[in-house]
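**Q** give me the fold of what follows.
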Amino acid sequence: MANQILIKRSTNNTVPNSNISGGTLTAGELGYSYSSGDGSGNEQGLGKLFIGHADGLGGTRAAAIIGGSLFTNMLDHAAGTLTASSAIITNAQNHVDAVKTTGLYLGASGSAVQVTASAAELNKLEGVTTSTAELNILDGATLDVVELNKLDGCTATTAQLNFNDVTAGSLTPSKALVADGNSTINTVKTNALWLSGEQLTSTATELNLLDGITAIDTDLSTTAGTHTTLVSALAAKTYIDNTRSGLEVKDSVV
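**A** Numbers count the residues shown, from 1 in each chain. Below is the predicted model of the structure:
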């Protein structure tokens with residue numbers, strides 16, 4: 001019959017030790033503690049391998065733990081998969097499918113900073129398509145939580161928010177009109193102009209007839225009884241008004 005090399009073992013979860021008060025392992029001696037009473041190896045508890053302390057049986061220190069199924073079972077799962085009550089083993093791409101933690105810290109060793117935002121707050125970024133460069137626009141911003149929370153519920157797109165990216169007081173194509181400090185816009189273009197609730201029906205050409213006029217007399221209603229008075233006709237009326245005292249006016253002849 002072949003020889004067998006055995007080590008000391010316990011058929012229960014008793015922890016072997018090397019101390020003087022009932023020590024069982026001498027210096028360098030191995031001992032295994034099963035957790036099942038029959039020694040079958042169906043371990044649900046301790047399952048540890050010990051080695052006697054260097055002090056031997058005369059010392060006061062317990063045997064040292066060097067392994068056992070308690071530890072190897074923690075490694076017995078697919079790499080890259082989070083497994084309950086087991087060690088985290090990354091796959092070939094240094095990846096694990098899930099991580100659960102109470103506190104998350106990011107940064108270099110010794111200077112990591114805790115992420116204080118909650119999962120619910122971080123999840124607000126889900127679906128955001130902003131690039132790093134666009135997020136960095138906020139770098140140095142002094143906005144506080146209250147101010148940032150004003151965006152809560154905002155449904156405007158990036159393009160819509162960019163309508164306001166203009167120089168105040170200047171008309172910019174495909175942008176919003178933003179008045180300057182004097183409530184002024186340098187240019188306005190429109191198909192219909194309304195003043196005090198009434199639409200102006202004169203064309204730009206007709207309105208430009210007033211360009212250059214420096215004085216308007218109360219008699220400047222019209223010379224022809226219409227609203228088609230030209231600058232030349234207005235000038236003629238002014239001349240006649242200024243010289244009428246020297247004119248001889250006769251009765252009409254029928």
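
**Q** mark out where each domain of this protein begins and ends.
**A** Listed domain ranges for the chain are 8-67, 79-105 (source: automatic domain parsing).

**Q** export the ones you listed as JSON lines, with columns for mean pLDDT, distance to S170 and mean neighbour count.
**A** Using the backbone N, CA and C atoms, a C-beta is placed for each residue, glycine as well. Formatted as JSON lines, these follow (pLDDT from 0 to 100; distance: least, C-beta to C-beta, whole Å; neighbours: other C-beta atoms under 10 Å):
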{"stretch": "domain 8-67", "mean pLDDT": "73", "distance to S170": "76", "mean neighbour count": "16"}
{"stretch": "domain 79-105", "mean pLDDT": "96", "distance to S170": "46", "mean neighbour count": "10"}
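
**Q** let's have those in JSON lines, adding distance to A204.
**A** Below are the domains of the chain laid out as JSON lines (distance: least, C-beta to C-beta, whole Å):
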{"stretch": "domain 8-67", "distance to A204": "93"}
{"stretch": "domain 79-105", "distance to A204": "64"}
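
**Q** state the distance from A92 to T238.
**A** Between A92 and T238 the computed distance is 96 Å (C-beta to C-beta, to the nearest Å).

**Q** pLDDT below threshold where in the stretch 51-200 of the chain?
**A** 58-59 (pLDDT under 70).

**Q** all the strands of it, in order from the start?
**A** Under the criterion DSSP state E, counting those that start in this stretch, the stretch 51-200 of the chain contains strands at 64-67, 104-106, 113-115, 193-195, 198-200.

**Q** and those: which comes nearest N136?
**A** Comparing these against N136 with C-beta to C-beta, the closest turns out to be strand 104-106 (17.1 Å).

**Q** can you tell me the strand partners of that closest one and which way each runs?
**A** Partner strands and pairing direction for strand 104-106 (DSSP bridges) are strand 113-115 (antiparallel).

**Q** so which bits of the partner strand are buried?
**A** Judged by neighbour count (16 or more other C-beta atoms under 10 Å), strand 113-115 contains no buried residues.

**Q** ok now stretch 124-135, how far from the chain's centre?
**A** The gap between where stretch 124-135 is centred and where its chain is centred comes out at 5 Å by C-alpha atoms, centre = their mean, to the nearest Å.

**Q** ok, now stretch 96-103?
**A** On C-alpha atoms, centre = their mean, the centre of stretch 96-103 falls 21 Å from that of its chain.

**Q** outside of it, which residues touch it?
**A** For stretch 96-103, contacts defined as C-beta atoms under 8 Å, 6 or more residues apart in numbering pick out G80, T81, L82, I88, I89, T90, Q114.

**Q** about what we covered before: any chance of the strands of the stretch 51-200 of the chain in JSON lines, plus distance to L57?
**A** JSON lines is the format used below for the strands of the stretch 51-200 of the chain (distance: least, C-beta to C-beta, whole Å):
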{"stretch": "strand 64-67", "distance to L57": "15"}
{"stretch": "strand 104-106", "distance to L57": "46"}
{"stretch": "strand 113-115", "distance to L57": "48"}
{"stretch": "strand 193-195", "distance to L57": "106"}
{"stretch": "strand 198-200", "distance to L57": "110"}
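
**Q** among those strands, which comes closest to G23?
**A** Ranking these by proximity to G23 (C-beta to C-beta) places strand 64-67 first, at 12.9 Å.

**Q** what sits up against the closest one?
**A** Counting by C-beta under 8 Å, 6+ apart, K48, L49, F50, I51, H53 sit against strand 64-67.

**Q** give me every residue that touches the fourth one.
**A** This means I51. L25, G28, E29, L30, G31, A63, A64, I66.

**Q** not counting its neighbours along the chain, what's nearest A63?
**A** F50 (4.0 Å; C-beta to C-beta, 6 or more residues apart in numbering).

**Q** quick check: the residue nearest the centre of the chain vs L135, distance?
**A** By C-alpha atoms, centre = their mean, the chain has its centre lying nearest to L125, at 4.9 Å. Using C-beta to C-beta, L125 is found at 10 Å from L135.
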